[in-house]
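In: Model the following, please.
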Amino acid sequence: MPDVSAHAYGHKLTKIEVGYEHPAKGSENCGGCAHFKPLREKCEIVTGRILAEDWCRKWKPKSP
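Out: All right, here's what the predicted structure looks like:
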């Protein structure tokens, strides 16, 4: 099934929509996520400032 989320249409999701945690409660965090852009403290799919120690439900591991 194709992705019909807001991101698929070029819109970023809000922190509320993705269950954003600051800091992450588990071992996964934005620093290890494929969507995270550390030099800009940004995420490809979530709005606002994002830090490496944060987390959301859209977390996706970086490729090895």
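
In: Please count neighbours and contacts with C-alpha atoms only from this point.
Out: OK.

In: Give me the buried positions along stretch 25-43.
Out: Using 16 or more other Cα atoms under 10 Å as the test for burial, stretch 25-43 gives E28, N29, C30, G31, G32, C33, H35, F36, K37, K42, C43.

In: Any regions of this protein where pLDDT drops low?
Out: Flagging of the chain using pLDDT under 70 yields the residue ranges 1-9.

In: so where do the strands sit in it?
Out: Along the chain, counting by DSSP state E, strands occupy 36-37, 42-43.

In: and the last one, what does it pack onto?
Out: By that I understand strand 42-43. Secondary-structure packing of strand 42-43 (3 or more Cα pairs under 8 Å, 6 or more residues apart in numbering; DSSP states H and E): strand 36-37.

In: Note down every partner strand of the strand it packs on and its orientation.
Out: Strand 36-37 pairs in its sheet with strand 42-43 (antiparallel), by DSSP bridges.

In: ok, and what's touching the partner strand?
Out: H35, F36, K37, G48, R49, I50, L51 (Cα atoms under 8 Å, 6 or more residues apart in numbering).

In: That one: how far from the chain's middle?
Out: From the chain centre to the centre of strand 42-43 is a distance of 7 Å (Cα atoms, centre = their mean, to the nearest Å).

In: And stretch 56-64, by the same measure?
Out: Counting by Cα atoms, centre = their mean, stretch 56-64 comes out at 8 Å from the chain centroid.

In: Now it: buried residues?
Out: By 16+ other Cα under 10 Å, the buried positions in stretch 56-64 come out as C56, K58, W59.

In: end to end, how far does that stretch reach?
Out: End-to-end distance of stretch 56-64 (Cα to Cα, to the nearest Å): 20 Å.
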